[in-house]
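Asker: requesting a structural model of the entry that follows:
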Amino acid sequence: MLVDLSEAVDAAEVGGKAANLGRIKRAGFDVPDGFVITAAVHATADTDVTVPPSWRGRIGDAVARIGPPVAVRSTGVDEDGGAASFAGQFRSYLSLQTTDQVMDAVAGCWRSGSTRSAREYRGDTADTFMPVLVQRMVPADHAGVMFTQDPVTGDPSQLVVEAVAGLGDALCDGRVDPDRFHLDKITGAVRSVTRATGSSPTSSTVLRLRDLAIALERLFGSPQDIEWAAVGEQIWVLQSRPITVNTRPTGVASSLIDMPAVFAPQRSTDVG
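Answerer: Here you go, the predicted structure:
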């Protein structure tokens, strides 16, 4: 079946990523419109190569309602949970314009759930049925990720924001590093800034990101790894999941960003 993202609740049906985004959307935060092709649709497919004909029309109509271009993203049943994020294990397809492109992307997401690396990460050799999230893409001025505790030291009083200008495809490709802001979570004071892109979000946007991060941490009741995009003064939430990486005692935090790939033009990528 197809489930509107605002009604996505049960991770067993819509996957962890979509269930989290549905909760965020219902709480009143800005989340791009979308819908979920549930695991039950995958279960009706004879193979992972094509979407069953009985579902093509319904999926195409749903895409038309939210309007292209869209991003098609895997949302595994165990994804973005407290035990594991599955970041980098599944597929996302980006800037899709036509129904045929969407159908091919859905099948690609299904196949990504059965790869050797995904099964090893899951600790289970059995194939699983994969829900798929389809969302309207956002023409981001800036995009990035933020952590509600320092991902290196685990300091819960420090919030880290990473940002790149535009759609974020250059960061995803490894062509640029993000600007990185370390903020005091309580006061909002900037503790340090590492500028790499030459085009940072405004200070007011950074402070609104801080407020958003704190609100999402309160919503879920645990430290969050949040993917975001800013268009003018509006900030969109693209993903929020518990921080599951281990902290390291020394070193600089590597960019754990995988969200900007959602905005990269006409490509597929192995992102969570």
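Asker: CA only for contacts and neighbour counts going forward, please
Answerer: Fine.
Asker: can you give me the helices for the stretch 1-150 of the chain?
Answerer: Here the stretch 1-150 of the chain has its helices, by DSSP state H, counting those that start in this stretch, at 11-14, 16-26, 39-44, 53-66, 99-112, 116-122.
Asker: turn those into a markdown table, including mean neighbour count.
Answerer: Shown next, in a markdown table, are the helices of the stretch 1-150 of the chain (neighbours: other CA atoms under 10 Å):
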| stretch | mean neighbour count |
| --- | --- |
| helix 11-14 | 23 |
| helix 16-26 | 24 |
| helix 39-44 | 18 |
| helix 53-66 | 15 |
| helix 99-112 | 22 |
| helix 116-122 | 15 |
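Asker: figure out which of the ones you listed is closest to Phe220.
Answerer: helix 16-26 (8.9 Å; CA to CA).
Asker: what is the closest one packed up against?
Answerer: Counting by 3 or more CA pairs under 8 Å, 6 or more residues apart in numbering; DSSP states H and E, the packing neighbours recorded for helix 16-26 are helix 11-14, strand 234-242.
Asker: mean pLDDT for the helices of the stretch 1-150 of the chain: which is lowest?
Answerer: When the helices of the stretch 1-150 of the chain are compared on mean pLDDT, helix 116-122 scores lowest, with a mean of 52.
Asker: for the residue nearest the centre of the chain, give me its contacts.
Answerer: Closest residue to the average C-alpha location of the chain: Gln239 at 3.9 Å, with CA atoms, centre = their mean. For Gln239, the contact set (CA atoms under 8 Å, 6 or more residues apart in numbering) comprises 17, 20-21, 226-228, 259.
Asker: strands of the stretch 151-272 of the chain, start to end?
Answerer: Per DSSP state E, counting those that start in this stretch, the stretch 151-272 of the chain carries strands over the ranges 158-165, 179-184, 190-194, 224-231, 234-242, 268-270.
Asker: what's in contact with the fourth one?
Answerer: Counting by CA under 8 Å, 6+ apart, the neighbours of strand 224-231 from elsewhere in the structure are 138-149, 213, 216-217, 235-243, 257-259.
Asker: please pick the buried ones from those residues.
Answerer: Among the contacts of strand 224-231, those classed as buried by 16 or more other CA atoms under 10 Å are 138, 140-149, 213, 216-217, 235-243, 257-259.
Asker: nearest to Val193, of the helices of the stretch 1-150 of the chain?
Answerer: Val193 lies closest to helix 16-26 among the helices of the stretch 1-150 of the chain, at 28.5 Å (CA to CA).
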